[in-house]
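[1] sequence and predicted structure are below.
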Amino acid sequence: MLRMWRVGLLSGLALAAAPAHAFIAYVSNEKSNTVSVIDTDSWTVTKTIKVGQRPRGIDFTRDGKFVMVAVGDDDTIQVIDAKTQAIVDSLPSGPDPELFAQDAAGKILYVANENDNTVTVIDLEKRARLGDIQVGVEPEGMTISPDGKTLINTSETTNMAHFIDTSSRQIVANVLVDARPRFAEFKHDSSELWVSSEIGGTVSIIDPKKHEVTGKVTFEIPGLRKEAIQPVGIGMTRDDKTAFVALGPANRVAVVDVASRKVTKYLLVGQRVWHMAFTPDEKYLLTTNGVSNDVSVIDVAAQKVIKTIQVGELPWGITISP
């Protein structure tokens, strides 16, 4: 079985994009140590997969054939066959892997290891650990620039976004942001990097060439203390016109006009909204709500919550089939 997924991965890398099929969402449930599988046609959970301890970061391989999930307390990345929905392999991360990012070709995986302040570099074809990059304290947010040349890692305690050259695997710049940066997202045209700060309550907007903070998105919700507004996940539409920001215990997703950097609307979702994922057609945005143990479905065009789906305990990450 182990050989099968590696062969599948290699063949997928050599092919063009996988053919379209019904969208399937995978949700990591941090407390119940499971992954919930959601059919986006029926909006129902069709299967619950038992995985390792404390699953958080989750993503499809580029060919759509496998789902990788970071199981932090087991110090590894488990691999789920998307067809059989069974665990078929694991990848060698460092201690307490949390979020990860893969290059555009799906050959290299970069993993943030929260407990030893490193990013592990993994060759997905050979399933081999190529080395580690030392970063700040409690690394978490991970993303790669659209041109593939720069890896971004945010470190929660150091309060920095680290810019890492993917060729040399060296840090080339550190940018100080507000307290406890959780997530990073590039605009699709590469002109800006957005970094959420959970305790700082802001999203810093960074010029990726100058390595400078050029602005911040702030949030204000009537009736809520400022401390209760904690930005985490960020999702940006492909036209770079609208960003959605999950606000944690504020139980809301902010809709942000990217050009003006102003919030235009707050959407009430489940409790402690954390990460989000668009369906590939960008009609829907799904959010994981950690305290209410559910997923909210947002109609992107209408900017309206249309559905709530119960999943496992403490849903954290989400990925949707390409």
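    Received, thanks.
[2] any idea which helix or strand comes after the one helix or strand Ile152 maps to?
    Using DSSP states H and E, Ile152 maps to strand 150-155. Tracing the chain C-terminally past strand 150-155 and defining elements by DSSP H and E, one meets strand 160-165 next.
[3] partners of that next one in the sheet?
    Sheet pairing of strand 160-165 (DSSP bridges) gives strand 150-155 (antiparallel), strand 170-176 (antiparallel).
[4] and that strand, which residues are buried?
    By neighbour count with 16 or more other C-beta atoms under 10 Å, strand 160-165 contains the buried residues 160-164. Where C-beta positions appear, they are placed from N, C-alpha and C, glycine not excepted.
[5] ditto for stretch 106-121
    106-114, 117-121.
[6] closest one of the residues you listed to Ile298?
    Closest approach to Ile298 among the buried residues of stretch 106-121 (C-beta to C-beta): Ala112, at 26.7 Å.
[7] burial count for the closest residue in space to the closest one that isn't next to it in sequence?
    Leaving aside its sequence neighbours, Ala112 sits nearest to Pro139 (C-beta to C-beta, 6 or more residues apart in numbering; 4.0 Å). Number of residues near Pro139 (other C-beta atoms under 10 Å) recorded here: 32.
[8] okay, Pro139: pLDDT?
    Here, the pLDDT recorded for Pro139 equals 96.
[9] and what of the one 10 residues further on?
    Lys149 carries a pLDDT score of 97 in this model.
[10] what's the answer for Gly8, then?
    Note for Gly8: predicted pLDDT of 51.
[11] same thing with the one 3 residues further on?
    Looking at Ser11, its pLDDT stands at 48.
[12] the one 3 residues further on now?
    We have a pLDDT of 43 for Ala14.
[13] in which helix or strand would I find the residue located most distally from the centre of the chain?
    Distance to the chain centre peaks in the chain at Gly223, reaching 29.3 Å (criterion: C-alpha atoms, centre = their mean). Assigned by DSSP H and E, Gly223 belongs to no helix or strand.
[14] so it versus Ile133, what's the distance?
    Gly223 sits 43 Å away from Ile133, going by C-beta to C-beta, to the nearest Å.
[15] of the buried residues of stretch 106-121, the lowest pLDDT goes to which?
    Glu114 (91).
[16] pull the number of nearby residues for the closest residue to it other than its chain neighbours.
    Distance criterion C-beta to C-beta, 6+ apart; nearest residue to Glu114, sequence neighbours excluded, is Asp96 at 4.4 Å. By other C-beta under 10 Å, the residues close to Asp96 number 20.
[17] was I right about Asp96 contacting Asp74?
    No. Using C-beta atoms under 8 Å, Asp96 is not in contact with Asp74, being 9.5 Å away.
[18] give the contact list for the residue nearest to Glu114.
    Counting by C-beta atoms under 8 Å, 6 or more residues apart in numbering, Asp96 touches 72-73, 75, 113-116.
[19] just those residues now: which is nearest Glu198?
    Nearest to Glu198 out of these is Glu114 (C-beta to C-beta; 14.1 Å).
[20] the closest one reaches Val137, doesn't it?
    No. Counting by C-beta under 8 Å, Glu114 stays clear of Val137, with 9.3 Å between them.
[21] sheet partners, orientation included, of the strand or helix carrying Ala112?
    If you go by DSSP H and E, Ala112 is part of strand 108-113. Sheet pairing of strand 108-113 (DSSP bridges) gives strand 97-102 (antiparallel), strand 118-123 (antiparallel).
[22] that older thread, just the pLDDT for the residue nearest to Glu114.
    So Asp96 comes in at 95 (pLDDT).
[23] change the start of the numbering to 55 and stick with it
    Yep, numbering from 55; the last one is Asp150 now.
[24] now do it against Ala166, distance only.
    9 Å.
[25] and if you look at Ile288?
    Separation of Ile288 from Ala166 (C-beta to C-beta): 16 Å.
[26] helices of this structure, start to end?
    For the chain, the helices defined by DSSP state H occupy 56-68.
[27] where does it have low pLDDT?
    55-75 (pLDDT under 70).
[28] run the last query once more with 90
    Across the chain, the ranges flagged by pLDDT under 90 are 55-76.
[29] mind listing the residues bridging to Val257?
    Beta-bridge partners, per DSSP bridges, of Val257: Ser250, Val271.
[30] that one and Ser251 touch, don't they?
    Yes. Contact criterion C-beta under 8 Å: Val257 and Ser251 qualify, at 7.2 Å.
[31] show me the common contact partners of the two, please.
    Pro285.
[32] wait, isn't Thr208 in contact with Asp232?
    No. In this structure Thr208 lies outside contact range of Asp232 using C-beta under 8 Å: 11.0 Å.
[33] for Asp170, see how far away Val191 is.
    Counting by C-beta to C-beta, the gap from Val191 to Asp170 is 10 Å.
[34] tell me, how many residues neighbour Lys295?
    Lys295 has 11 nearby residues by other C-beta under 10 Å.
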